[in-house]
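S.K.: need a 3D model of the following:
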Amino acid sequence: MKDKCVLCGGTLKKKLVNYEIYGKSIGKFSALVCDSCGEQWFDEKTSKKIQEVEKKKGLFGLSVETKVSYSGNSLIIRVPKNLAEFMNIKKETRVTLYPENKDKICVMIK
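M.R.: Presented below is the predicted three-dimensional model:
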């Protein structure tokens, strides 16, 4: 019996895949990959190894939840220090904000 993809029913095959997070490659890891939809699954041991590499490279925990605040007549969103450092954002850095859709604001650094 072959493993089947829970998303599309395709066949899962073991492959070495490049793992990227936030646009940065952190290495190649063993995964089960669906031959139909391309979805990838990592076992627990591999997931822990990926997490260790993310931590070593300073990429772990960059996704954070924050609240919108007020400053005068404007709404402000604070950028945590570790994310600002990763993105090389400093005081007075110029950015462009634009809506990607009704639920997502993008920030482009100039």
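S.K.: which residues does the helix or strand harbouring Glu52 contact?
M.R.: Using DSSP states H and E, Glu52 sits within helix 44-56. Residues external to helix 44-56 that are found in contact with it (Cβ atoms under 8 Å, 6 or more residues apart in numbering): Tyr19, Ile21, Ile26, Gly27, Phe29, Ser30, Ala31, Phe42, Phe60. C-betas here are computed from N, CA, C, even on glycine.
S.K.: which of those residues tops the neighbour count?
M.R.: Sorting these by how many neighbours each has (other Cβ atoms under 10 Å) puts Ala31 first, at 20 neighbours.
S.K.: could you redo the contacts of helix 44-56 as CSV and give each row distance to Cys106 and pLDDT?
M.R.: Converted to CSV, the contacts of helix 44-56 look like this (distance: Cβ to Cβ, whole Å; pLDDT from 0 to 100):
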residue, distance to Cys106, pLDDT
Tyr19, 24, 97
Ile21, 18, 94
Ile26, 23, 95
Gly27, 28, 96
Phe29, 29, 98
Ser30, 33, 97
Ala31, 29, 97
Phe42, 28, 97
Phe60, 23, 91
